[in-house]
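K.L.:
Have a look at this fold, sequence not included:
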């Protein structure tokens with residue numbers, strides 16, 4: 001049995017090595033040549049049609065294995081309807097890629113063909129019908145969702161591999177790693193047919209790789225990337241389901257982790273691109289959706305080249321990443337669920353760190369403040385939108401609390417009334433949120449009072465959930481108060497985190513002061529805090545608060561809302577020189593006359609132009625015009641919107657004391 005697998009791999013490898021030079025000549029004769037342009041990296045015309053060489057080598061090796069071992073039971077589905085439909089579908093996908101390599105086809109045409117062949121495969125029996133729970137035991141029947149999930153998976157893998165085919169040998173090497181991973185996982189599940197086919201595919205691609213590695217003599221082209229993506233998508237389903245009894249989501253996702261991650265990143269950054277500061281503009285929804293699928297030069301391999309790596313180094317690094325993900329998939333297939341969770345958590349942490357190191361400007365919107373403008377949109381203020389978001393959070397909180405509470409409990413499968421209970425609980429908890437008043441405020445002004453209200457709503461929602469559960473009658477010793485405690489934790493985390501997200505993003509953005517006027521806030525009391533919030537909520541002011549000044553010695557060195565309190569007014573001169581402070585904003589009613597005189601002297605010494613002061617001083621020697629009542633300075637109304645002024649009492653809106661002329 002092992003010899004059969006080794007022989008299939010070796011035959012496919014040798015055939016691919018021999019056939020690929022012939023395909024290079026064929027591509028030259030048919031003018032299937034990839035011409036360099038500004039989006040592509042290679043510098044000279046290169047033949048494509050690499051999928052033809054892999055296709056011929058792959059199926060010839062499969063046929064030889066079947067004839068060499070005619071009575072073997074290791075090919076249970078290859079000669080069945082699934083195998084026949086798979087072969088015919090592969091022929092259609094290859095023809096689609098060849099035509100696209102010779103003359104470009106439109107994306108709609110390619111999608112329709114991909115949808116047709118995927119539908120045929122689904123009808124033949126290759127489908128994702130059951131999803132296993134990552135926590136606890138049991139599984140979820142997809143039912144009517146089986147078809148769209150299967151189609152989305154296969155077409156997604158086809159296009160993901162097409163996107164990652166940007167450097168010489170990259171897509172080929174990733175396909176070899178993925179095919180070997182699927183083969184080993186299938187072998188461990190005693191699915192010898194899928195293991196043999198996957199290993200044969202790995203041999204065919206490995207034989208093609210020497211001709212495709214940098215500097216490449218031939219490219220995969222769409223004929224190769226679409227064909228490999230289609231076969232790998234089908235084999236990942238067959239290798240993970242083992243007769244469609246369960247679908248271990250994490251194994252095929254990690255086996256094909258690199259192209260999947262690149263695709264997800266591409267969609268996310270293209271969606272977020274209009275939000276980048278300096279590029280913010282209104283983009284119609286159809287145009288935005290179309291831009292999600294437009295090619296660019298910001299894929300993972302492009303970013304590695306931008307960081308200074310050579311093509312060869314970038315490809316080898318991505319080989320290592322793909323191999324690590326493949327080994328992780330193998331580990332998840334043989335370890336316990338607790339071990340799998342630990343491994344998966346470590347891998348996700350490493351992936352997030354890697355994405356951070358790629359320095360995507362679009363992903364950095366969580367720190368550059370680009371998302372803050374969304375909170376002023378009319379959609380965010382509508383109660384219907386808030387209810388929909390909370391409904392999703394309630395559903396996720398309920399599922400997580402039940403799954404974690406039944407962790408590794410063999411008899412803790414959902415009861416017959418579980419779905420009824422879940423639906424009734426979700427509705428009741430949303431009603432509780434409404435009655436308590438979570439939908440009366442705005443996300444931009446969440447406060448301590450809102451935090452207390454959210455805690456009260458979460459507690460009452462959990463009590464209602466417990467009452468409903470007892471009333472339905474599924475209460476048992478396995479379902480103690482533990483799931484209710486977890487439900488309270490998740491509800492409080494999701495609902496509170498969502499409502500305080502604006503303030504969190506504002507805090508992350510507080511150090512992004514490029515191009516803004518640096519100001520000090522005089523007064524670290526309640527009015528100073530209100531002044532800071534006004535500045536943070538009004539990006540049009542182009543003001544960057546660097547910290548506070550306060551004469552109270554007990555406050556020196558501390559922080560308020562994340563900003564440092566530097567000390568008393570005697571430190572202003574040093575701060576002006578060291579931090580290039582442009583303005584000072586008075587946010588206190590207790591400005592002593594001697595402090596005002598010192599500020600006037602500092603103003604004259606630094607050749608700054610005095611501006612309006614927000615309080616009255618009975619001293620004509622101070623060269624600053626003052627008024628008895630606090631007033632809004634002439635600078636603030638010109639850029640602050642009326643909504644911000646309305647939300648804050650006029651007595652809390654500060655005035656600029658002085659600034660450099």
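P.N.:
Noted; the coordinates are in hand. Values in this document were obtained by computation on a predicted structure and should not be read as measured data. Residues are numbered from 1 along each chain as shown.

K.L.:
What helix or strand is the nearest residue to residue 174 once chain neighbours are set aside located in?
P.N.:
Spatial nearest neighbour of residue 174, excluding adjacent residues (C-beta to C-beta, 6 or more residues apart in numbering): residue 322 at 4.8 Å. Every residue, glycine included, has its C-beta placed from N, CA and C. For residue 322, the element it lies in under DSSP states H and E is helix 311-334.

K.L.:
quick one: the helix or strand following that helix to chain centroid distance?
P.N.:
Downstream of helix 311-334, the first helix or strand assigned by DSSP H and E is helix 337-357. Helix 337-357 sits 14 Å away from the centroid of its parent chain (C-alpha atoms, centre = their mean, to the nearest Å).

K.L.:
what's the helix holding residue 322 packed up against?
P.N.:
Packing partners of helix 311-334 (3 or more C-beta pairs under 8 Å, 6 or more residues apart in numbering; DSSP states H and E): helix 170-188, helix 250-255, helix 257-272, helix 300-306, helix 337-357.

K.L.:
Would you indicate which residues of it are buried?
P.N.:
Residues of helix 311-334 classed as buried: 311, 314-316, 318-319, 321-326, 328-333 (neighbour count, 16 or more other C-beta atoms under 10 Å).

K.L.:
between it and helix 337-357, how many degrees?
P.N.:
Going by axes from the mean of the first three to the mean of the last three C-alpha atoms, to 10 degrees, helix 311-334 is angled at 160 degrees with respect to helix 337-357.

K.L.:
Averaged pLDDT, helix 311-334. What do you get?
P.N.:
Throughout helix 311-334, pLDDT has a mean value of 86.

K.L.:
Check stretch 529-539 too.
P.N.:
Averaging pLDDT along stretch 529-539 gives 75.

K.L.:
hmm, which helix or strand of the chain has the shakiest average pLDDT?
P.N.:
Ranked by mean pLDDT, DSSP states H and E, the helix or strand of the chain with the weakest confidence is helix 635-639, at a mean of 34.

K.L.:
thinking the residue nearest to residue 174 is in contact with residue 257, fair?
P.N.:
Yes - counting by C-beta atoms under 8 Å, residue 257 is a contact partner of residue 322 at 7.1 Å.

K.L.:
and residue 25, how many neighbours does it have?
P.N.:
Using other C-beta atoms under 10 Å, residue 25 has 10 other residues around it.

K.L.:
gap between whatever helix or strand it lives in and the chain center?
P.N.:
Using DSSP H and E, residue 25 maps to helix 2-29. Centre-to-centre, helix 2-29 and its host chain are 38 Å apart (C-alpha atoms, centre = their mean).

K.L.:
Which positions within it qualify as buried?
P.N.:
Neighbour-count burial for helix 2-29, counted by 16+ other C-beta under 10 Å, picks out 4-5, 7-9, 11-13, 15-17, 19-20, 23-24, 27.

K.L.:
Also stretch 251-264?
P.N.:
In terms of neighbour count (16+ other C-beta under 10 Å), stretch 251-264 has its buried residues at 251-263.

K.L.:
Now for those: which two are most distant?
P.N.:
The largest separation in those, counting by C-beta to C-beta, is between 251 and 262 at 19.1 Å.

K.L.:
Am I right that residue 35 is in contact with residue 45?
P.N.:
Yes - between residue 35 and residue 45 there is a contact at 5.5 Å, judged by C-beta under 8 Å.

K.L.:
quick revisit: hey, which of the helices and strands packed on helix 311-334 is tucked in deepest?
P.N.:
helix 170-188 (a mean of 26; mean count of other C-beta atoms under 10 Å).

K.L.:
For the closest residue to residue 499 other than its chain neighbours, give its distance to residue 527.
P.N.:
Spatial nearest neighbour of residue 499, chain neighbours left out: residue 446 (4.8 Å); criterion: C-beta to C-beta, 6+ apart. Distance, residue 446 to residue 527, by C-beta to C-beta, to the nearest Å: 20 Å.

K.L.:
and what of residue 301?
P.N.:
Taken as C-beta to C-beta, the span from residue 301 to residue 527 is 53 Å.

K.L.:
Likewise for residue 383?
P.N.:
The spacing between residue 383 and residue 527, counted by C-beta to C-beta, is 32 Å.

K.L.:
just residue 103 next, same as before
P.N.:
On the measure of C-beta to C-beta, residue 103 and residue 527 end up 70 Å apart.

K.L.:
Give me the next element, helix or strand, following the helix holding residue 25.
P.N.:
Remark: after helix 2-29, the chain's next helix or strand is strand 33-34, criterion DSSP H and E.

K.L.:
That following strand - which strands sit beside it in the sheet, and in what orientation?
P.N.:
strand 46-47 (antiparallel) (DSSP bridges).

K.L.:
Do you know the pLDDT at the nearest residue to residue 209 once chain neighbours are set aside?
P.N.:
Spatial nearest neighbour of residue 209, chain neighbours left out: residue 172 (4.8 Å); criterion: C-beta to C-beta, 6+ apart. Listed pLDDT for residue 172 reads 92.

K.L.:
next one: residue 119
P.N.:
pLDDT for residue 119: 93.

K.L.:
Would you map the helices across the stretch 351-500 of the chain?
P.N.:
365-368, 383-405, 418-436, 448-472, 482-499 (DSSP state H, counting those that start in this stretch).

K.L.:
Neighbour count for residue 103 and residue 527, which is higher?
P.N.:
residue 527 (20 against 8).

K.L.:
Any chance of the helices and strands packed on helix 311-334 in CSV with distance to residue 83 as columns?
P.N.:
Putting the helices and strands packed on helix 311-334 into CSV (distance: least, C-beta to C-beta, whole Å) gives the following:
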stretch, distance to residue 83
helix 170-188, 15
helix 250-255, 20
helix 257-272, 25
helix 300-306, 35
helix 337-357, 32
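
K.L.:
Flag the shaky bits of the stretch 251-400 of the chain, pLDDT-wise.
P.N.:
274-295, 336-338, 364-374, 376-377 (pLDDT under 70).

K.L.:
quick revisit: so the residue nearest to residue 209 sits against residue 220, correct?
P.N.:
Yes - between residue 172 and residue 220 there is a contact under C-beta under 8 Å: 6.3 Å.

K.L.:
measure residue 32 to residue 210 for me?
P.N.:
In this view, residue 32 and residue 210 are 20 Å apart by C-beta to C-beta.

K.L.:
Look at the two and report which has more neighbours.
P.N.:
Per other C-beta under 10 Å, whichever of residue 32 and residue 210 has more neighbours is residue 32, with 24 against 13.

K.L.:
confidence score at that one?
P.N.:
Predicted confidence (pLDDT) for residue 32: 81.
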